[in-house]
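Student: A predicted structure for the sequence below; I have some questions about it.
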Amino acid sequence: MTAGHTITIEQGTDLVRVVRDGQVVAESRRPLLLRETGYPVRHYLPPQDVRTDLLTPSDTTTYCPFKGTASYWSLPGAEDGKDAVWGYPEPKDAVAQIKDHFCFYSYEVEAAD
């Protein structure tokens, strides 16, 4: 990490549910909570807790100098579903825990008890 930039990952236990057009796309009680300087907390969900059959792989990729290259997936339906999900198939060693987990944009994540 660079000076002033940190990333921490911890195991969460709260129920995280992602609902799209009334359909549960993901539901997990074992999200990884990634906290990164300058960003909101992100919930990375294990693949077993995500309806991957509802995700369409995208050609989009982005690069983060701290986490690596992200791959994206789209959710069916409205335009705002494009590239709504991302993950790191080959993350940097410092964040290896998030490998193959899925992250959804915050407005789609519902945390419940």
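Tutor: All right, it came through fine. Numbering: from 1, shown residues only.

Student: Asp100 is in contact with Leu45, isn't it?
Tutor: No: counting by Cβ atoms under 8 Å, Asp100 sits too far from Leu45 to count as a contact (10.4 Å). Any C-beta I mention is one placed from the backbone N, CA and C, and that applies to glycine too.

Student: So for the two, which residue has more residues nearby?
Tutor: Leu45 (25 against 13; other Cβ atoms under 10 Å).

Student: What sits closest to that one if chain neighbours are left out?
Tutor: Ser28 (4.6 Å; Cβ to Cβ, 6 or more residues apart in numbering).

Student: what bridges to the one you found?
Tutor: Under DSSP bridges, the beta-bridge partners of Ser28 are Val16.

Student: where exactly do the strands run in the chain?
Tutor: If DSSP state E is used as the criterion, the strands of the chain fall at 7-11, 15-20, 23-28, 32-36, 42-45, 56-64, 68-74, 85-87, 102-104, 109-112.

Student: buried stuff in stretch 7-27?
Tutor: 7, 9, 12, 16-18, 20, 25-27 (16 or more other Cβ atoms under 10 Å).

Student: Looking at those residues, spot the one nearest Leu55.
Tutor: Val25 (8.0 Å; Cβ to Cβ).

Student: shaky segments in the chain?
Tutor: Applying pLDDT under 70 to the chain flags the ranges 1-3, 78-79, 106-113.

Student: rerun at 50
Tutor: 107-108 (pLDDT under 50).

Student: one step back: okay, the strands of the chain in JSON lines with distance to Ala96 next?
Tutor: Putting the strands of the chain into JSON lines (distance: least, Cβ to Cβ, whole Å) gives the following:
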{"stretch": "strand 7-11", "distance to Ala96": "9"}
{"stretch": "strand 15-20", "distance to Ala96": "21"}
{"stretch": "strand 23-28", "distance to Ala96": "19"}
{"stretch": "strand 32-36", "distance to Ala96": "11"}
{"stretch": "strand 42-45", "distance to Ala96": "12"}
{"stretch": "strand 56-64", "distance to Ala96": "14"}
{"stretch": "strand 68-74", "distance to Ala96": "10"}
{"stretch": "strand 85-87", "distance to Ala96": "13"}
{"stretch": "strand 102-104", "distance to Ala96": "15"}
{"stretch": "strand 109-112", "distance to Ala96": "23"}
